[in-house]
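S.K.: need a structure here:
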Amino acid sequence: MKTSFIKYGRKDNKDLCEVTLENDHGMTAKVLNYGATLEKVLLDGENMILSLDKPEDYDKERNYLGGTVGRVAGRVRRGIWRHGLEMHQLPINEGENHIHGGSGIDTEVWDFQPSCDDKAACVDLTLLDPNGHNDYPGDLKIHVRYELDNDNTLHYSMNAVSDKLTIFNPVNHTYFTLGEPETIKDLQMQMNADYYLPVDKTGLPDQGMTEVAGTAFDFRKMKRVGDALESSDLQIKNRDGMDHPFILNGNLPNAVLTSSKHKLTVTTDAPSLIIYTGNGFDHTGKYTSNFGPYCGITFEAQVPPAEGDDLGRITLLPGEEFKRTVDWKFE
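M.R.: As a prediction, this is how the structure comes out:
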């Protein structure tokens with residue numbers, strides 16, 4: 001086991017650093033303290049995730065690759081959170097809705113500390129998101145850990161505590177490619193989810209859960225991802241691909257993704273995985289000009305987005321600890 005880091009820049013009077021975690025089998029994970037971002041996962045010399053060319057590119061253009069996104073990842077309808085008779089208005093930054101926490105914790109420089117022993121190579125990252133930032137109440141202390149073990153499993157965990165009533169529903173936004181960065185259509189996927197959430201034209205749920213049976217979203221048995229993306233399903237057409245929450249049924253593993261050479265197994269304590277197939281990439285970004293539609297796939301482990309402004313499911317009481325874990329096992 002080995003950890004190391006290099007400084008590659010400065011932002012907001014803080015050092016920007018790239019931390020390398022390496023296990024005894026040569027698997028390597030690279031983490032940036034900018035946005036607590038998973039930058040690369042190298043297995044047998046191949047990168048398993050979608051990455052920019054160099055660490056210096058990540059803070060130049062917001063694209064969420066590998067970032068820890070929040071406070072609330074995904075959309076909040078009209079940016080409104082009602083709690084009893086109180087109403088909180090969050091910034092509107094996508095059409096008529098709030099998305100990805102406003103300027104978001106993925107754009108902040110986190111403090112970090114690497115460590116390792118004979119079982120794992122780790123990096124702990126911490127951030128104090130202040131009261132009122134992006135109009136969220138409460139000083140929120142967030143702790144993220146990336147931990148690489150000798151089973152080629154990368155463990156991602158998050159803990160957070162606020163001193164005021166607030167809402168919190170973050171995700172890690174890594175796009176997985178399994179070494180196939182041009183398109184994920186020919187990857188095979190299986191998910192233990194009997195239901196998914198259809199969404200409206202803005203990407204928010206509007207009709208509750210729907211059975212996956214008989215739809216493009218039925219991945220209960222291993223199936224080619226492209227079979228869904230190329231289908232005539234109206235939900236696929238409306239979002240130009242998958243951009244939908246899958247409700248996990250509790251059976252493990254939660255999801256499996258395979259290529260001709262590699263396999264990813266995803267396990268989480270979250271109630272859903274939001275599958276997004278990079279529908280919005282179109283070769284136009286300055287730093288993502290190599291990326292087109294379906295160049296990566298996310299497994300965003302979180303509470304699924306709400307239809308309305310009752311966000312009780314993602315509300316934290318003062319002093320209540322938020323916990324989330326996600327394991328990515330590579331073979």
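S.K.: mind jotting down where the helices sit in this structure?
M.R.: 225-229, 234-239 (DSSP state H).
S.K.: can you redo the ones you listed as JSON lines with mean neighbour count, mean pLDDT and distance to F246?
M.R.: Bear in mind the C-beta positions are built from the backbone N, C-alpha and C, glycine included. Shown next, in JSON lines, are the helices of the chain (neighbours: other CB atoms under 10 Å; pLDDT from 0 to 100; distance: least, CB to CB, whole Å):
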{"stretch": "helix 225-229", "mean neighbour count": "19", "mean pLDDT": "98", "distance to F246": "12"}
{"stretch": "helix 234-239", "mean neighbour count": "16", "mean pLDDT": "97", "distance to F246": "12"}
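S.K.: these: which one's closest to L317?
M.R.: helix 234-239 (34.2 Å; CB to CB).
S.K.: alpha carbons of the closest one, in PDB - could you do that?
M.R.: The C-alpha coordinates for helix 234-239 follow below in PDB (Å, rounded to 0.1, in the frame of the first residue of the first chain):
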ATOM      1  CA  LEU A 234     -40.600   7.900 -24.600                       C
ATOM      2  CA  GLN A 235     -38.700   8.400 -21.400                       C
ATOM      3  CA  ILE A 236     -35.500   7.700 -23.200                       C
ATOM      4  CA  LYS A 237     -36.500  10.000 -26.100                       C
ATOM      5  CA  ASN A 238     -37.500  12.900 -23.700                       C
ATOM      6  CA  ARG A 239     -34.100  12.900 -21.900                       C
END
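S.K.: which residues touch it?
M.R.: P198, V199, K201, G203, T215, A216, F217, A228, L229, M242, H244, N279 (CB atoms under 8 Å, 6 or more residues apart in numbering).
S.K.: show me where the stretch 1-150 of the chain has its strands.
M.R.: 2-11, 14-22, 28-32, 37-43, 46-47, 68-69, 75-76, 80-83, 86-89, 98-99, 111-116, 120-129, 140-149 (DSSP state E, counting those that start in this stretch).
S.K.: how about those strands, which one is nearest G179?
M.R.: Per CB to CB, nearest to G179 of the strands of the stretch 1-150 of the chain: strand 46-47, 4.1 Å.
S.K.: direction included, what does the closest one pair up with?
M.R.: Sheet pairing here is set by DSSP bridges, and for strand 46-47 it gives strand 37-43 (antiparallel).
S.K.: mean neighbour count, the strands of the stretch 1-150 of the chain: which tops it?
M.R.: Among those, the stretch with the highest mean neighbour count (mean count of other CB atoms under 10 Å) is strand 68-69, at a mean of 26.
S.K.: spit out the contact partners of A306.
M.R.: Applying CB under 8 Å, 6+ apart, the residues contacting A306 are V76, R77, P205, R313, I314.
S.K.: the same query, at a cut-off of 7 Å, please.
M.R.: For A306, the contact set (CB atoms under 7 Å, 6 or more residues apart in numbering) comprises R313.
S.K.: what about the stretch 201-331 of the chain, any weak spots by pLDDT?
M.R.: Within the stretch 201-331 of the chain, no range satisfies pLDDT under 70.
S.K.: nearest to E211, of the strands of the stretch 1-150 of the chain?
M.R.: That would be strand 75-76 among those, by CB to CB, at 23.5 Å.
S.K.: which residues are in contact with the closest one?
M.R.: L90, E94, N97, H98, I99, T202, G203, L204, P305.
S.K.: rewinding a little: a markdown table for the strands of the stretch 1-150 of the chain, including distance to Y58 and mean pLDDT?
M.R.: Formatted as a markdown table, those follow (distance: least, CB to CB, whole Å; pLDDT from 0 to 100):
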| stretch | distance to Y58 | mean pLDDT |
| --- | --- | --- |
| strand 2-11 | 10 | 98 |
| strand 14-22 | 9 | 98 |
| strand 28-32 | 6 | 98 |
| strand 37-43 | 6 | 98 |
| strand 46-47 | 15 | 97 |
| strand 68-69 | 12 | 98 |
| strand 75-76 | 23 | 96 |
| strand 80-83 | 29 | 94 |
| strand 86-89 | 30 | 92 |
| strand 98-99 | 19 | 97 |
| strand 111-116 | 15 | 98 |
| strand 120-129 | 14 | 98 |
| strand 140-149 | 16 | 98 |
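S.K.: nearest to E180, of the ones you listed?
M.R.: strand 46-47 (9.5 Å).
S.K.: cool, thanks, signing off.
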